[in-house]
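Trainee: For reference, the sequence and a predicted model appear below.
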Amino acid sequence: MSLAISTTDLEKSYGSVRALDGISLAVEQGEFFGLLGPNGAGKTTFINILVGLVRKSDGEASVFGHDVESEYRAARDRIGLAPQEFNVDRFFPIREVLTHKAGYHGITGEEAKARADRALRTVGIYDKRNTRFDWLSGGMKRRFMLARALVSDPDLLILDEPTAGVDVELRHDLWEIITELNDDGTTILLTTHYIEEAERLCDTVAIMDQGEKLTVASPESLMARGNDTIRLRLESPPTRPPKIDDERIQEMTIEGESLVVTAPTGGEVAPALVRSLDRQGHTVVDMDISRTSLEEVFVSLTGTDEAETAPETEPAAPEGML
Amino acid sequence: MSVVSAGWRTLVHREILRFVRRPRNTFLPPAITNALYLIVFGVILGGRIDVGGDVTYIHFILPGLVVLGAVSDAFQNASFSIFHGRWNEYIHEVQTAPLSYTEMVIAYVVASALRGTLIAVLITGVGVLFTNLIPSMTPVEFAHPVYVVAFVFVITLLFAGFGVIGGLWARDFDHLTVMNQFIIRPLVFFGAVFYPLSTLSQFWQSVSLLNPMVYMVEGVRFAFLDISDISPVVSLAVLAGATVVVVAIDVWLFKRGFGLTD
C-alpha cells in the first residue's frame, strides 16, 4: 500500500531564502499527521507543493503514489484542501461554489448538489447555503473552508491552521468533525501552531523550523523526551533542597512550602524520592506530578515560544464585503 | 460518453454564469455604446461621409463595431476573470482541481469567446434595428454568412487567448486598464473600423497591414458587404494561425505557473 504522502529531500528556495531545506516525510494512509512549527517554518509551503500552488525547487513529492508534478491530476483528485487564507469564489452563493468544486472533480448534476448539501450540513451552515461567502461571519467562513475541502470526498484532507482565530465552541466542533473523518479512514494532514491541537488530535507530529524537519514522533513519545515536574509539599520545608542521591533528578528547588523536582518519567522517580525524603526526616503532606507538555518540547527544539495555546475568544462579527 | 471531461464542462459553465448573471455589467454597456456610435456616426454624420460605392457609412462602420465589441469583450472577460481570481486567490479552486492545464486554458478561452460572440450578435442586432427603423436606409444583410460566423469564431478565440495572457501578466487592476486603453483601443481605432484603407497613402496602408485588427475588420466587412481591401481567405488563415499560437502560449504559461504559482 502506497503512502498517503511521501516526500524525499524536498526543497523550495525563493532566491537566497530556503523555505524548505530537504524535507523527507512519510505519512501513512489513515494517519492523523500534524505539522507543527512557528510562523515561517515552511508548513504552508510544504502543503502548497502537494496541491500545485508552489513549484518545488528540488526533491520528490507524491500523494498516494502519484507524483505531484508528473501525475498532478491523479494526485489532486485525492486531496481536499482547507487553506488558512480565505480564497473562495465571491461571485456565487456558497452552495454553488461547492457544486462547482465537486464538478471540477467530475461530480456533476444532482450528485454534486447532494454532496454540497451534505458538506454544508456536516459543518453546520446548511441554512446559509444561498448566501455569498463575503456575507458569512468569521466562524462560518472557517466552517465553509472545511466544507469545500470535504465536498469531493477526499482521501487526504489537508488542513492549514483550520482553527486559527476561532472561538472555543467552533474549535471543538471542527475537532470533532475531523476526528470522525479520520476514524472513517480519511488521512489528515494538519498544520498548526496551537500545541494543544496537535497534542489532542495527532497520531504523529513533525516539528519543523526554518524549512527543516527537526523531529517526527508521536506526541506521547515527544513528551516523554522532556522532564516532568514533581511538586512535594513538606510539613516542615527546609531552607535549602535536601541531598537526594538519584541520578535521574535534573533539578531541585524550594518554592514556598514546596520542594520542586524536575526529572524524566516523574511517576517512576516519585516513590523513591518520597522514601529518600522520609529517611531524611521530611514528611510529605501532598504531592503533584505534572507531565512535560508538548509545548515545552516544542520550545526546546525550536528555541522559540511562538507556538501558542488556542485563544478563548474571537470576534464573531461579519467581515463584510471585500 | 462525453469527449470533454465533467471538470472542464463545470469550469466553462461557471465562467459563462459569471457574465450571464451580470447583464448590467456585461451586455448593457456595449448595447448603449454601439447605439450611440450608430446614432452619431451612422445617422447624424453618416450622410456627409463618402466611403465609396453604394455603401452608406452606417453599413460601412457596422462590421468594424462588431469586431471592436467582440474582441474587446472576449479579451476583457478572460483577463478580468483570471486576474480577479488571482487577486482574491479563488483561482486556487481551479488550480488545485484535477483538470489538465490545457483544459483550464480552453475553458477560459471558450467561455470568453462565447461572450465576445454574444456581444457581436448584440451589436449586429442594434445595427439591424437602426437600419430597419430608418425608412431611407437599406436593412443590414449578410453577403457571406459563413464568413461572418468563421471570422467571429476565430477573432473572439484569438482575443480570449490574449486575455488569458493579460490576466496572468497583470499585477493590479491598473494593468488591465492599461492593456485595454493603450493597446487594444489604438489597434482598433487604427484598424480601419471608421475609414477604408484605400483612403490612406500607400505607406500608411503598408503600415496598417502590421495591425492584426485590420485583417479582422476587413474580413468581417467582406462577410457583411462583399467589399474588402484584403483577401478574406488570407485574413482568416492568418488569424486562425495566430489563434493556435496564442492558445498554445496560454497553455505553456499555465504549465509554467506564470502568475499562478510561487
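Mentor: Arrived safely, thanks for sending.
Trainee: Quick one: residues contacting residue 119.
Mentor: I'll assume chain A. For A:Ala119, the contact set (Cβ atoms under 8 Å, 6 or more residues apart in numbering or on different chains) comprises A:Leu98, A:Ala147, A:Arg148, A:Leu150, A:Val151. For every residue, glycine as well, the C-beta is placed using N, CA and C.
Trainee: hm, I was asking about chain B
Mentor: Contact analysis of B:Ile119 by Cβ under 8 Å, 6+ apart lists B:Phe27, B:Pro30, B:Gly69, B:Ala70, B:Ser72, B:Asp73.
Trainee: Could you work out the most separated pair of the contacts of A:Ala119?
Mentor: Largest separation among the contacts of A:Ala119 by Cβ to Cβ: A:Leu98 and A:Leu150, giving 9.0 Å.
Trainee: got a list of what the residue nearest to the spatial centre of chain B touches?
Mentor: With distances taken as Cα atoms, centre = their mean, B:Val71 lies nearest the centre of chain B, 1.3 Å away. By Cβ under 8 Å, 6+ apart, the residues touching B:Val71 are B:Gly116, B:Ile155, B:Thr156, B:Leu158, B:Phe159, B:Ile184, B:Val188, B:Met213, B:Met216.
Trainee: that older thread, make a markdown table out of the contacts of A:Ala119 and add distance to A:Gly139.
Mentor: Output for the contacts of A:Ala119, formatted as a markdown table (distance: Cβ to Cβ, whole Å):
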| residue | distance to A:Gly139 |
| --- | --- |
| A:Leu98 | 18 |
| A:Ala147 | 13 |
| A:Arg148 | 15 |
| A:Leu150 | 17 |
| A:Val151 | 19 |
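Trainee: of those, list those near chain B.
Mentor: A:Arg148 (Cβ under 8 Å from any Cβ of the partner chain).
Trainee: Just give me the closest of the contacts of A:Ala119 to B:Ser228.
Mentor: So of the contacts of A:Ala119, ranked by how close each gets to B:Ser228 (Cβ to Cβ), first place is A:Leu98, at 50.3 Å.
Trainee: Out of the contacts of B:Ile119, which sit inside helices?
Mentor: Per DSSP state H, helices hold the following members of the contacts of B:Ile119: B:Pro30, B:Gly69, B:Ala70, B:Ser72, B:Asp73.
Trainee: Closest one of the contacts of B:Val71 to chain A?
Mentor: Taking Cβ to the nearest Cβ as the measure, chain A lies nearest B:Gly116 of the contacts of B:Val71, at 19.5 Å.
Trainee: In this model B:Asn77 seems to touch the closest one, though I could be wrong.
Mentor: Yes - B:Gly116 lies in contact with B:Asn77 (Cβ atoms under 8 Å); the separation is 7.3 Å.
Trainee: Please enumerate the shared neighbours of the two.
Mentor: Common neighbours of B:Gly116 and B:Asn77 (criterion: Cβ under 8 Å, 6+ apart): B:Ala160.
Trainee: Would you point out the most distant pair within the ones in helices among the contacts of B:Ile119?
Mentor: Farthest pair in the ones in helices among the contacts of B:Ile119, by Cβ to Cβ: B:Pro30 and B:Ala70, 9.4 Å.
Trainee: Name the nearest residue to the residue in the stretch 101-250 of chain A that chain B sits nearest to, ignoring sequence neighbours.
Mentor: Closest approach between the stretch 101-250 of chain A and chain B, counting by Cβ to the nearest Cβ: A:Gly103, at 2.8 Å. Spatial nearest neighbour of A:Gly103, excluding adjacent residues (Cβ to Cβ, 6 or more residues apart in numbering or on different chains): B:Thr10 at 2.8 Å.
Trainee: tell me which residues in the helix or strand harbouring that neighbour are buried?
Mentor: In the assignment (DSSP states H and E), B:Thr10 maps to helix B:6-20. Within helix B:6-20, the residues that qualify as buried are B:6-16, B:18-19, counting by 16 or more other Cβ atoms under 10 Å in any protein chain shown.
Trainee: And it, how far out from the chain middle?
Mentor: In terms of Cα atoms, centre = their mean, to the nearest Å, the centre of helix B:6-20 is found 19 Å from the chain centre.
Trainee: repeat for stretch B:31-48
Mentor: 20 Å.
Trainee: Keeping just the C-alphas, turn it into PDB.
Mentor: The C-alpha trace of stretch B:31-48 is given here as PDB (Å, rounded to 0.1, in the frame of the first residue of the first chain):
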ATOM      1  CA  ALA B  31     -25.600  47.900 -26.400                       C
ATOM      2  CA  ILE B  32     -25.700  51.600 -25.300                       C
ATOM      3  CA  THR B  33     -22.300  52.500 -26.600                       C
ATOM      4  CA  ASN B  34     -22.900  51.000 -30.000                       C
ATOM      5  CA  ALA B  35     -26.300  52.600 -30.300                       C
ATOM      6  CA  LEU B  36     -24.600  55.900 -29.700                       C
ATOM      7  CA  TYR B  37     -21.900  55.100 -32.300                       C
ATOM      8  CA  LEU B  38     -24.600  54.400 -34.800                       C
ATOM      9  CA  ILE B  39     -26.700  57.500 -34.000                       C
ATOM     10  CA  VAL B  40     -23.700  59.900 -34.200                       C
ATOM     11  CA  PHE B  41     -21.600  58.300 -36.900                       C
ATOM     12  CA  GLY B  42     -24.200  56.400 -38.800                       C
ATOM     13  CA  VAL B  43     -27.200  58.700 -38.700                       C
ATOM     14  CA  ILE B  44     -26.100  62.200 -37.900                       C
ATOM     15  CA  LEU B  45     -22.700  62.300 -39.600                       C
ATOM     16  CA  GLY B  46     -23.100  59.400 -41.900                       C
ATOM     17  CA  GLY B  47     -24.800  61.200 -44.700                       C
ATOM     18  CA  ARG B  48     -21.800  63.500 -45.100                       C
END
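Trainee: Which residues does the helix or strand containing A:Leu159 contact?
Mentor: According to DSSP H and E, A:Leu159 maps onto strand A:156-160. Contact with strand A:156-160 is made by A:4-5, A:43-44, A:47, A:50-51, A:63-64, A:78-84, A:146, A:149-150, A:178, A:181, A:186-191, as judged by Cβ under 8 Å, 6+ apart.
Trainee: now do stretch B:185-195
Mentor: With Cβ under 8 Å, 6+ apart as the test, stretch B:185-195 has contacts from B:41, B:51, B:61, B:64-65, B:67-68, B:71-72, B:208, B:211-214, B:216-218, B:221, B:229.
Trainee: Export stretch B:73-91 to CSV, keeping only CA atoms.
Mentor: Only the C-alpha atoms of stretch B:73-91 are listed here, as CSV (Å, rounded to 0.1, in the frame of the first residue of the first chain):
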residue,chain,number,x,y,z
ASP,B,73,-15.3,41.8,-24.5
ALA,B,74,-13.6,38.5,-25.3
PHE,B,75,-10.3,40.0,-24.1
GLN,B,76,-11.8,41.7,-21.1
ASN,B,77,-13.7,38.6,-20.0
ALA,B,78,-10.7,36.3,-20.0
SER,B,79,-8.3,38.9,-18.5
PHE,B,80,-10.7,40.0,-15.8
SER,B,81,-11.8,36.5,-14.8
ILE,B,82,-8.3,35.2,-14.4
PHE,B,83,-6.9,38.4,-12.8
HIS,B,84,-9.8,38.7,-10.3
GLY,B,85,-9.4,35.0,-9.4
ARG,B,86,-5.7,35.6,-8.8
TRP,B,87,-6.3,38.8,-6.9
ASN,B,88,-8.7,37.1,-4.5
GLU,B,89,-6.9,33.8,-4.8
TYR,B,90,-10.0,31.8,-5.6
ILE,B,91,-8.4,30.7,-8.9
